[in-house]
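In: Need coordinates for the below:
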Amino acid sequence: MFNPNIAINDTALLRILALSKDATAVYNDVDLHITFANDAMIALWGKNRTVIGKRLADALPELEGQPFVEMLQTVWRTGKTIADSNVEAMLEVNGRLQSFYFDFEYRALINPQGNTYAILHTATNVTERFKAQERDRERERTEQELNEKLMASNEELMAVNEEYRILHEEQATVNEELYATNEELADTQTELLSANLKLLESQTRLRNVLEQAPLGMCVLRGPKHVIEIANEAILNIWGRARAEVMNIPHREARPELEGQPVFEWLDQVYRTGKRQVNREFKVWLRSGDGVREAIVNSIYEALKDSEGNINGVLIVLDDITEIVKERREATRVQEMFNIAIEAGELGAFYYNPHLNQFTGNETLKKWFGLGKDEYLDLQLAIDVIADEDRDRVGEAIAAALDPASGGGYDIEYTIIHPQTHAPRIVKAKGKAQFDTHGTALSLNGMLLDITERKQDEQRKNDFISMVSHELKTPITTLKGYLQLMDKRAKKLDDAFTTGALDKSLKQVTKMTSMINGFLNMSRLESGKIHIDKQLFDMADLVKEAEEESLASITSHQVVFAPVEPTLVTADRDKIGQVITNLINNAVKYSPQNSIINVACVTVNNVAMLSVQDQGIGIAQDNIDQLFDRFYRVESKDTKSIAGFGIGLYICKEIIDRHKGTIGVKSETGKGSTFYFTLPVEEK
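Out: Residues are numbered from 1 along each chain as shown. Here you go, the predicted model:
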């Protein structure tokens, strides 16, 4: 039989009261910030869950002028509980200020130092009960008035029948005493019935709470720990059916625990009344026909009757096996991640845009010359960035925090150490995280020191530029001599020499083209190449490319589609260079006499020029790297094709500087279509 005098500790009850039908709230400071409110309390207030974290006075502004906030603050300061019944409160529900009546209790939760650390607020809406009591009191007043009228009538009757009244006076007195006694007895019976109803309601509510709690909970009775209550959660953890364990001593119902300390702990709690708390305790539990290793948190709490005698044990059990495994795995992964960061000499950063706080690992702080404070204002890091890069980095951060951008952050910039003034070039790559409303929560990422790589690239570009310049003069001279010799051979009608000189001139032309390509690449990467934008008609430029192709390309059929007048603002020579490069590439990688189609169309104010060939095509694995510097597709079909892999790289750099796009659609064995786009000037 369930004992109504169970003493359950505050911590255990607070963990399960979230599902209670009784309205319950918890405030965690003297300003009454709402740290917890179950659904019943939220409904009672007529609010929603956005009140969590707010001050009570802000969440329920209609309480101004009512005594409840001051009463709660008094409880916080004094630690003394305040409770009352049938108290009127004005609450705004469904947009209308209404009057309600409550039974409530404000109980201070005191820490071992005697200080209040929280207030537990429980309330019951007794409006209907209060109204019923009011109706009873009204009925009593009506009855009293009737009685008074009746007494007046009796007095008149007694005045008329004085002798009869005197004869029956003693009897009337007795009747009055009997009536008063009956009234008192009726009141006592009513109070007793109400108390019994409340007790029954409390017992039922507690049992329901235990049964529905998400944590495993059970009640064991007597020194043999007979299982009196066991909810579904704990039965699932035990691996037992209800019929296997109910009303059976715990040791008999769960023999798999033999040799483990659980039975000893239960006996100790029942004997001493001292709570037993176990955190991340490893235990072997039943699983099917065998056992499984589990990790649990558990609390064993002694239960007492009204006289303070221990008569049972309450068990609260939480199976955290998967949580612990995931945490341990996450710790292992984090340790490996930290090792990788240290081994790779990477700087890790984290930025909270809501608080404008920036932090990073020791490597990053060392690079930026920042202090050892865990969190810093972002501006301290921004100030270290080189002047020419600072605005660009700020714009990149702002773009990453915009949900429309996808949250990507990828940029290279220079930082100047504030103490040594030594420059360091870094590549930053990160990702912003957003909540369900699209609000940026953080920007996390890594920094890689690319100073040495950039210096190597600069040295290489300088070398390429120097060599290219040095080669241009002798190549130009050689070409001049070859042209003179070609003219003389033609005059002498020397067919062999003329053929050899033609081939030599073609090779010199190829070498000149390669040298110019290297020079253009070097200028692009050093920022020295000049983009001279002007307004021109793409139709005219395509026409020139067509005339040039017809004059110079005899091995393939280059077909140009008609082009409508298309005005763009760009560097005419550089765009012409891109068109020529794409056509020459198509010639280089497609069979002789095959068709190459060139077209230029305008869609949505964007001009797109495409070059389609019937060549060997490009595998999907190579497409992403196709426009990288010095990248060439290596296959049996390309071994005999000359080139350094800089032509498409230069094309991409030129188009990028025009804010356009360049790409390719291809399939192995079915040819390729290279294209680029430029914005069209509105007419």
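
In: can you pull the buried residues of stretch 81-100?
Out: The neighbour-count criterion (16 or more other CB atoms under 10 Å) identifies 82, 87, 89, 91, 100 as the buried residues of stretch 81-100. (Each C-beta comes from the backbone N, C-alpha and C, glycine too.)

In: which residue ranges form the strands in the stretch 201-350 of the chain?
Out: Using DSSP state E, counting those that start in this stretch, the strands of the stretch 201-350 of the chain run over 216-221, 226-230, 276-287, 290-304, 310-319, 347-352.

In: List of residues touching the third one?
Out: Meaning strand 276-287. Outside of strand 276-287, the residues that reach it under the criterion CB atoms under 8 Å, 6 or more residues apart in numbering are 237-240, 254, 256-257, 260, 262, 265, 268-269, 291-300, 320, 324.

In: Can you tell me how far P249 is from L220?
Out: According to CB to CB, to the nearest Å, P249 and L220 sit 9 Å apart.

In: likewise V26?
Out: Taken as CB to CB, the spacing of V26 relative to L220 amounts to 29 Å.

In: Looking only at neighbour counts, state which of the two leads.
Out: Neighbours were tallied for V26 and for L220 using other CB atoms under 10 Å; the higher tally belongs to L220 (23 against 18).

In: looking at it, the more buried one is touching V245, isn't it?
Out: No: counting by CB atoms under 8 Å, L220 sits too far from V245 to count as a contact (10.5 Å).

In: between those two, what contacts are shared?
Out: With the criterion set as CB under 8 Å, 6+ apart, the overlap between the contacts of L220 and V245 is I227.

In: Filter the contacts of strand 276-287 down to just the buried residues.
Out: Neighbour counting over the contacts of strand 276-287 (16+ other CB under 10 Å) leaves 237-240, 254, 256-257, 262, 265, 269, 294-300, 320, 324 as the buried ones.

In: hang on, the earlier thing: can you redo the buried residues of stretch 81-100 as CSV with secondary structure and distance to D377?
Out: Shown next, in CSV, are the buried residues of stretch 81-100 (DSSP: H, G, I helix; E, B strand; the rest coil; distance: CB to CB, whole Å):
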residue, secondary structure, distance to D377
I82, strand, 45
V87, strand, 49
A89, strand, 45
L91, strand, 43
F100, strand, 48
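
In: Which of these lies at the shortest distance from W367?
Out: Set against W367, the nearest of the buried residues of stretch 81-100 by CB to CB is L91 (57.2 Å).

In: Find the residue ranges of the stretch 1-150 of the chain scoring beneath the pLDDT cut-off.
Out: Residues of the stretch 1-150 of the chain that meet the criterion pLDDT under 70 lie in 1-17.

In: Could you pull out the strands in it for me?
Out: Secondary structure of the stretch 1-150 of the chain by DSSP E, counting those that start in this stretch: the strands cover 23-27, 34-37, 82-93, 96-110, 116-125.

In: Which one, of those, ends up nearest to A495?
Out: That would be strand 34-37 among the strands of the stretch 1-150 of the chain, by CB to CB, at 99.7 Å.

In: Buried residues in the closest one, which are they?
Out: With the criterion 16+ other CB under 10 Å, strand 34-37 contains buried residues 34, 36-37.

In: And for P591, the neighbour number?
Out: Taking other CB under 10 Å as the neighbour definition, P591 ends up with a count of 11.

In: what's the pLDDT at it?
Out: We have a pLDDT of 89 for P591.

In: contacting residues for it?
Out: For P591, the contact set (CB under 8 Å, 6+ apart) comprises 614-615.

In: Can you list the low-confidence ranges for the stretch 301-450 of the chain?
Out: Low-confidence segments of the stretch 301-450 of the chain, defined by pLDDT under 70: 333-334, 337-338, 340-344, 374-375.

In: With the stretch 451-600 of the chain instead?
Out: 456-473, 475-477, 479-481, 505-530.

In: so which strand or helix has L355?
Out: Using DSSP states H and E, L355 sits within no helix or strand.

In: So F627 versus T420, what's the distance?
Out: Taking CB to CB as the measure, F627 falls 38 Å from T420.

In: Which one's more surrounded, the two?
Out: Shown here are F627 and T420; by other CB under 10 Å, F627 has more neighbours (20 against 9).

In: how about stretch 376-396: buried residues?
Out: Within stretch 376-396, the residues that qualify as buried are 376, 378, 381, 384-385, 389, 393, 396, counting by 16+ other CB under 10 Å.

In: Which of the residues you listed fall within strands?
Out: Those of the buried residues of stretch 376-396 mapping onto strands are L376, per DSSP state E.

In: Pick the one among the buried residues of stretch 376-396 closest to E64.
Out: For the buried residues of stretch 376-396, the minimum distance to E64 (CB to CB) is 39.6 Å, reached by L378.

In: my guess is T122 meets D22, correct?
Out: Yes: the pair formed by T122 and D22 meets the contact definition of CB under 8 Å, at 6.0 Å.

In: between those two, who's got more neighbours?
Out: Higher neighbour count among T122 and D22: T122, with 19 against 15, using other CB under 10 Å.

In: Could I get the contacting residues of that one?
Out: Listed by CB under 8 Å, 6+ apart, the contact partners of T122 are 22-24, 104-105, 107.

In: Enumerate the beta-bridge partners assigned to it.
Out: Listed by DSSP bridges, the beta-bridge partners for T122 are T24, E105.
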